[in-house]
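Visitor: Sharing a sequence plus its predicted fold:
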Amino acid sequence: MDWHYIREKLRPIAEGLFGKQRITRYEKPHYKIRELDYMLANLVRIPALEWRNYAFSREPLNGKFNDEQRLNWAAKSIECGESYAQRLISEYGTSDAKLLASKLALEVLYPQYPDKTDRVLFADFTMPNKINIFMDAVYRAERLLQKRSVKRVLTENLQLVNIILSHEIFHFIEERYKHEIFTRTERVRLWSLGFLHNDSGIYALGEIAAMSFARTLNDLAYSPYVMDMFLIYDYSAEDASGLYEEMMQLAGLEP
């Protein structure tokens with residue numbers, strides 16, 4: 001999973017392939033800064049399936065899909081994440097992400113910052129069994145959780161590390177069951193020419209399923225996609241507000 005900082009928008013593009021090119025000056029968009037508890041209260045009301053447009057907006061192949069495909073894939077991915085969470089709970093007798101990681105022989109590390117990146121990165125999974133949880137974002141968010149109004153929305157006993165870890169565990173599970181799990185076996189045909197064809201996996205399916213997996217393990221009443229905004233708020237309230245606007249609009253709601 002890439003739980004990471006809001007992607008850069010409106011990058012300047014040099015015009016033309018030949019001849020004189022014009023360099024366009026890039027100006028970062030500005031957003032109205034909103035109160036954190038207000039944004040969270042609205043985001044937690046978005047049903048799991050209504051996050052699909054946000055999830056697919058991060059999909060490199062999204063322009064090749066229609067709304068019916070996105071809806072169908074999202075529903076199946078949500079079901080996939082839930083079913084594998086229940087499978088692990090039944091098999092290992094726990095829903096605690098840290099205990100599951102231990103039982104699955106995962107190496108979980110907790111560095112303060114990621115190495116050599118210009119993004120705010122929350123976590124990553126490296127094959128075959130290594131997970132990093134980057135604690136700077138966690139510590140910042142935990143300070144925000146001390147606010148009564150924030151805690152009231154996200155619940156009293158929220159375990160941020162367990163939510164993030166749960167998401168990464170799913171990507172390990174994807175690799176373990178790659179020959180049978182829906183998020184890996186589902187493919188889309190990009191082109192065909194006679195006997196030749198090019199089929200591709202769909203990145204967004206794994207992300208949607210991982211969120212569903214984390215939601216089920218942690219018994220959350222809302223989608224963990226909310227954490228995308230929450231975890232960047234302390235870095236930049238304006239960027240978090242911009243991401244909130246995008247999330248709401250992609251769910252068909254007024255910010």
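Guide: Nice, I can see it.
Visitor: quick one, what contacts residue 77?
Guide: Taking C-beta atoms under 8 Å, 6 or more residues apart in numbering, we find residue 77 in contact with 182-183, 204-206, 208-209, 212. From N, CA and C alone the C-beta is placed, and that goes for glycine too.
Visitor: Out of the residues you listed, which sit inside strands?
Guide: In strands, judged by DSSP state E, none of these are found.
Visitor: Sort out for me which of those are in helices.
Guide: The helices, defined by DSSP state H, take in 182-183, 204-206, 208-209, 212 from the contacts of residue 77.
Visitor: Can you tell me which of those residues is closest to residue 58?
Guide: When the ones in helices among the contacts of residue 77 are ranked by distance to residue 58 (C-beta to C-beta), residue 204 comes first, at 6.6 Å.
Visitor: burial measure for the residue nearest to the closest one when sequence neighbours are not counted, as a count.
Guide: Excluding the flanking residues, the one nearest residue 204 by C-beta to C-beta, 6 or more residues apart in numbering is residue 59, at 3.9 Å. Close neighbours of residue 59, defined as other C-beta atoms under 10 Å, add up to 18.
Visitor: ok, now the one 3 residues further on?
Guide: Using other C-beta under 10 Å, residue 62 has 15 neighbouring residues.
Visitor: what sits against the nearest residue to it once chain neighbours are set aside?
Guide: In space, and not counting its chain neighbours, residue 62 is closest to residue 56: 4.8 Å by C-beta to C-beta, 6+ apart. Contact partners of residue 56, counting by C-beta under 8 Å, 6+ apart, are 62, 65, 70, 74, 204.
Visitor: want to try a markdown table for the residues you listed, with secondary structure and pLDDT as columns?
Guide: Shown next, in a markdown table, are the contacts of residue 56 (DSSP: H, G, I helix; E, B strand; the rest coil; pLDDT from 0 to 100):
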| residue | secondary structure | pLDDT |
| --- | --- | --- |
| 62 | helix | 94 |
| 65 | coil | 94 |
| 70 | helix | 97 |
| 74 | helix | 98 |
| 204 | helix | 96 |
